[in-house]
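Colleague: Sequence and predicted model, in that order:
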Amino acid sequence: MLKISAEKLNELFDKIASQQTLYIPVDREDKCAEFKKYESGMTLSKALNTVRSAKDFFLPQTENLAEFRRSGKTIEVKDIRKESEDFVVFGVRACDAKSFEILDSVFLAEPVDTFYKNRREHGTIVTMACTRPEETCFCTTFGINPTVPGGDASVYFDGESYFFVPFTEKGKVFMASISDMLEDGDVTKLSEVQAKAREIMTRLPLANLTTDSFGGEKLMEHFNSEKWAELSEACIGCGTCTFVCPTCQCYDIRDFDTGHGIKRFRCWDSCMYSDFTKMAHGNPRTSQLERFRQRFMHKLVYHPSNHEGEFGCVGCGRCLSKCPVSLNIVKVMKALEDK
Amino acid sequence: MQEAMIKRAKELLADGTVNRVLGWKKGEFAYDSTPSVFETAEELERDFVCNDFTQANLSKYLIKESRKEGKILAFLKPCDTYSFNQLLNEHRIIRENVYVIGIPGGPKLDVEKIKAKGISGITGISKDNFTIKIETLYGTESMPFYEAISEKCSNCKSKKHVEYDELVGDEGDILNSKRFDMVEKLENMTSQERFDFWQGELSKCIRCNACRNVCPACTCENCVFDNPKSGIDQKAAADCFEEKMFHIIRAFHVAGRCTDCGECTRVCPQNIPLHLLNRKFIKDINSLYGEFQAGADRTTKCPLTDYDVNDCEPSIVHERGVE
C-alpha cells in the first residue's frame, strides 16, 4: 500500500497546497479542532473530530445567491455566483464523509441545487480512518465503518506512516498528483491498529444502539408519542445541535436591502428557532415541543421515508457533547424505543 | 449531598408542600445531566443527580414553571440564587409558587477541560481529594482537580445564597474573587490589541444563540434578533461587523441585570469567553456608580435604571476613551 512517513506529512501538505487549496483540521488555542486553510507549518490536529462539521465546505452558513437592482419599471437580476476553485479537504472522518451522501440526496435531487453541486464537483474529500473513537461516537448504529471511511480517497495512520487508498476518479487524480512522494509500505502494523480500533468500537458505551424502532413506517407511532413533552422540556431552543450537525441542512432565504439594491442570501436555519418555516399565514409549529419533535422526526422518520430507508444521522456525537443541556438524539432514541 | 437532596425532595412532595421538583437528570455519561422536573419519588430515586458536573443554572426555567399549577421545589446553587433574585426583581418569577432549597455550589467541573488534556473515551470519573481519576476506553488517567474546574466556578464571586426557603449544608460567604483580572488585562491592551482579541474570539461565533437562550437576563418574549419587524433580525452574521453587533448589543441589554452566573460561556460550543463582555460592564458600573451586584437583594435599584445627582455625566465615555 502506498504511504508517506509521518515526518514528511507537512511536505506533502505543502505540495498539495501548491496545486490547489487545502483544508486540514488544526487545533485552536482552546484545544478544539477546526478545518483551516492550510498554510505552511500548520500541524494536523490529533483530535477525533472538529467542532463544526465538514458540511461547511458545501453548505456554508451564509451565501449570497443573487442581486437585484431596480431602474424604472425594470428589475435587473444579477447572477453573482462564482465557479469554485478546486480544493481538497484532508482528514474528514467517516461520519462526515457519510453526511455528504445524505446532503447529496437532498441537494442533488431534482431540482438540483447548483450552488451546492458546484462546490461538490470541485472538492476532493480525503478521509481519515478513526483509531481512537470516543464515548460519544455511535456511527456504527447507522452502518458506518469508521475504520473504512470512504470519500474520494482515504488515509490510514498506523502511528508511523500515513497509507493512501483512492476510491473515486477524483481520488485517483489526487493520488496521481502526489504519487512521487509516496512509497510502498508494509501494512502489518496498520492491520493491528485497524483490528484494535474495531475492537474498541464494540466496547463503546453506545455500541448497542440500533435503529430498529425507527424508519418511515413508524410515522404516527412516534409523532403521537406522549414522550415528546418530557423529552423537550429542558430544550432552550438554541441552534447548537443543528449548527454543529453534519446532516442538518435546513436553510432560510432572505432579501437584504442594502439601500442601493437587494441582496438575496441564504443562511442555515434551525428547526429549534421560533421563526422556523414561518410563512405569511403564520407558523406551523408554535411550541418548542413541536420544533424539538421536528428535528428528531426528520432524522429518524421523515428522511428514511423519503430516501429509501437512509437515516438522517451519522452518529458523529457532536450534539452529545455540545448541547447546553445535554439533550440529544441518543436520549430521544432510547426514550422512544422504550415502550 | 445528592442523597440528602432526594430525601428532602421526597418529604416535601409527600407532605404536599410542593407538587414538582426542579433538578438535574442523569445522562448517558459520567458528566452529562439535563435540567428536569420530577413529579414522583420514584423518578427522583431513579434519575435525580447532583454531582461535580451539574453546572446548569435552573433559575430561568422557573419563569415557566412558576406559572404552572402548584408549587415547585427548586434546588439552587449560590450563583443561581442571584439569577433567581434578579428575575424576581424583574417580576418574571412568581415567588409564592417556588420553594427554594439552597445547595452548596461548586467548584463544578467541566468535561471539556478534561478532554482538552487529550483524555478521550471517558467511561467513568471519580474524585480523590485533589485528584480526579478518569476511566477511559484506553486506560485510566488522572489529573489535578483544579485543572478541571469550569470557567464559571474558577472565579466564584459568592458562596452565599441570597434567597431561599431552606438550606442544605452551611451558608457560605461572599468571596473576594479575582473575576475582574482578565477584564483589567484587556483594558490595559491597546485598542488594536483589544480589537484583535475580540475579533479572534467572536469570529468563531456560529450564531446558535445558546448564550442568549440560556441567559437568565435574556427573557424578552421576542428578541429583536428574531423579530422581522425590528429591522435587524438575523439568523447568521453576514460579515464580521454583524458577528460583533449581536454580542455587543446583547451585552448592553443585560448590563446592570447580568449577575455574572457564567452560563453564556459555559454553553458556547465555540468556547468564546462571553462572560468577559458582561464583566466589563459590571466593573464599569462598580467604578462609575459604586459597588453594585445584580440580584444581591430585592431592594437596591440598578444604577442604570435609577437616577442620582451624583451620577457620572455622559462625557465620561469620551474622557475614559482617550488613550
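Modeller: Received, thanks.
Colleague: List the contacts of B:Ala236.
Modeller: B:Ala236 sits next to A:61-62, A:267-268, B:207 when contact means Cβ atoms under 8 Å, 6 or more residues apart in numbering or on different chains. Quick note: C-beta positions are derived from backbone N, CA and C, even for glycine.
Colleague: 6 Å instead, please
Modeller: A:61-62, A:267, B:207 (Cβ atoms under 6 Å, 6 or more residues apart in numbering or on different chains).
Colleague: for the stretch 51-200 of chain A, what spans make up the helices?
Modeller: Here the stretch 51-200 of chain A has its helices, by DSSP state H, counting those that start in this stretch, at A:94-107, A:114-122, A:169-178, A:188-203.
Colleague: host element of B:Ala74?
Modeller: B:Ala74 belongs to strand B:72-76 when assigned by DSSP states H and E.
Colleague: Which helix or strand contains the residue lying closest to B:Val111 once chain neighbours are set aside?
Modeller: Excluding the flanking residues, the one nearest B:Val111 by Cβ to Cβ, 6 or more residues apart in numbering or on different chains is B:Tyr31, at 4.1 Å. For B:Tyr31, there is no host helix or strand (DSSP H and E).
Colleague: Likewise for B:Ile134?
Modeller: Per DSSP H and E: strand B:131-136 holds B:Ile134.
Colleague: And what about B:Glu201, helix, strand or coil?
Modeller: Assigned with DSSP: H, G, I helix; E, B strand; the rest coil, B:Glu201 falls in the helix class.
Colleague: So which residues of the stretch 201-323 of chain B form helices?
Modeller: B:210-214, B:240-254, B:263-267, B:275-289, B:316-321.
Colleague: Any idea which of these gets closest to B:Glu147?
Modeller: helix B:263-267 (17.0 Å; Cβ to Cβ).
Colleague: before we move on, back to that, ranking the helices of the stretch 51-200 of chain A by mean neighbour count, which comes first?
Modeller: Of the helices of the stretch 51-200 of chain A, the one with the most neighbours on average (mean count of other Cβ atoms under 10 Å in any protein chain shown) is helix A:94-107, at a mean of 22.
Colleague: could you give the mean pLDDT of that one?
Modeller: Here helix A:94-107 scores 97 as its mean pLDDT.
Colleague: And stretch B:299-313, by the same measure?
Modeller: On average, stretch B:299-313 scores 90.
Colleague: again with stretch B:269-285
Modeller: On average, stretch B:269-285 scores 96.
Colleague: again with stretch B:34-44
Modeller: 97.
Colleague: Just the buried positions in it, please.
Modeller: B:34-38, B:41, B:43-44 (16 or more other Cβ atoms under 10 Å in any protein chain shown).
Colleague: which residues sit against it?
Modeller: Against stretch B:34-44 from outside (Cβ under 6 Å, 6+ apart): A:234, A:325-327, B:6, B:9-10, B:20-22, B:25, B:56, B:58, B:61.
Colleague: tally of neighbours for A:Asn208?
Modeller: 10 (other Cβ atoms under 10 Å in any protein chain shown).
Colleague: Name the helix or strand for it, please.
Modeller: Using DSSP H and E, no helix or strand contains A:Asn208.
Colleague: which residues sit against the helix or strand where B:Trp198 lies?
Modeller: Applying DSSP H and E as the criterion places B:Trp198 in helix B:191-202. Residues from elsewhere that reach helix B:191-202 (Cβ under 6 Å, 6+ apart): B:186, B:243-244, B:247, B:272.
Colleague: which two in those are spaced the farthest apart?
Modeller: It's B:Leu186 and B:Glu243 that sit farthest apart of these, by Cβ to Cβ, at 17.9 Å.
Colleague: Report the rounded mean pLDDT for stretch B:53-64.
Modeller: 97.
Colleague: Could you check how far it is from the centre of its chain?
Modeller: 9 Å (Cα atoms, centre = their mean, to the nearest Å).
Colleague: Using CSV, write down the CA coordinates of that stretch.
Modeller: Only the C-alpha atoms of stretch B:53-64 are listed here, as CSV (Å, rounded to 0.1, in the frame of the first residue of the first chain):
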residue,chain,number,x,y,z
PHE,B,53,-20.8,18.3,36.8
THR,B,54,-24.3,19.6,37.4
GLN,B,55,-23.4,23.1,36.4
ALA,B,56,-26.7,24.3,34.7
ASN,B,57,-28.4,27.3,36.3
LEU,B,58,-32.0,26.3,36.9
SER,B,59,-33.4,29.7,37.7
LYS,B,60,-34.6,30.6,34.2
TYR,B,61,-36.8,27.5,34.0
LEU,B,62,-38.7,29.0,36.9
ILE,B,63,-40.2,31.7,34.7
LYS,B,64,-42.2,29.0,33.0
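Colleague: Quick check: buried residues in that stretch?
Modeller: Buried residues in stretch B:53-64 (16+ other Cβ under 10 Å): B:53-62.
Colleague: Pick out whichever of those sits closest to chain A.
Modeller: Lowest distance from chain A to those (Cβ to the nearest Cβ) belongs to B:Ala56, with 6.1 Å.
Colleague: Quick one: neighbours of the closest residue in space to B:Thr140 that isn't next to it in sequence, just the number.
Modeller: Nearest non-adjacent residue to B:Thr140, counting by Cβ to Cβ, 6+ apart: B:Lys133, 6.4 Å away. The burial count assigned to B:Lys133 is 13, neighbours taken as other Cβ under 10 Å.
Colleague: cool, and A:Lys37?
Modeller: 12.
Colleague: host element of the closest residue to it other than its chain neighbours?
Modeller: Excluding the flanking residues, the one nearest A:Lys37 by Cβ to Cβ, 6+ apart is A:Tyr23, at 5.8 Å. For A:Tyr23, the enclosing helix or strand under DSSP H and E is strand A:21-27.
Colleague: Distance from the chain centre to that strand, please.
Modeller: 15 Å.
Colleague: re earlier: show me the two of the contacts of B:Ala236 that sit farthest apart.
Modeller: It's A:Thr62 and B:Arg207 that sit farthest apart of the contacts of B:Ala236, by Cβ to Cβ, at 9.4 Å.
Colleague: Which of the two has more residues huddled nearby?
Modeller: When A:Thr62 and B:Arg207 are compared for neighbours, B:Arg207 comes out ahead with 24 against 17, by other Cβ under 10 Å.
Colleague: residues touching the closest residue to B:Gly106 other than its chain neighbours, list them.
Modeller: Among residues not flanking B:Gly106 along the chain, B:Cys153 sits closest, at 3.7 Å (Cβ to Cβ, 6+ apart). By Cβ under 6 Å, 6+ apart, the contact set of B:Cys153 is B:106-108.
Colleague: cutoff 10 Å now
Modeller: B:52, B:55, B:77, B:79, B:105-110, B:262, B:266 (Cβ atoms under 10 Å, 6 or more residues apart in numbering or on different chains).
Colleague: Quick check: the residue nearest to B:Pro273 when sequence neighbours are not counted vs A:Arg295, distance?
Modeller: Closest residue to B:Pro273 apart from its sequence neighbours, by Cβ to Cβ, 6+ apart: B:Thr265 at 5.6 Å. Using Cβ to Cβ, to the nearest Å, B:Thr265 is found at 25 Å from A:Arg295.
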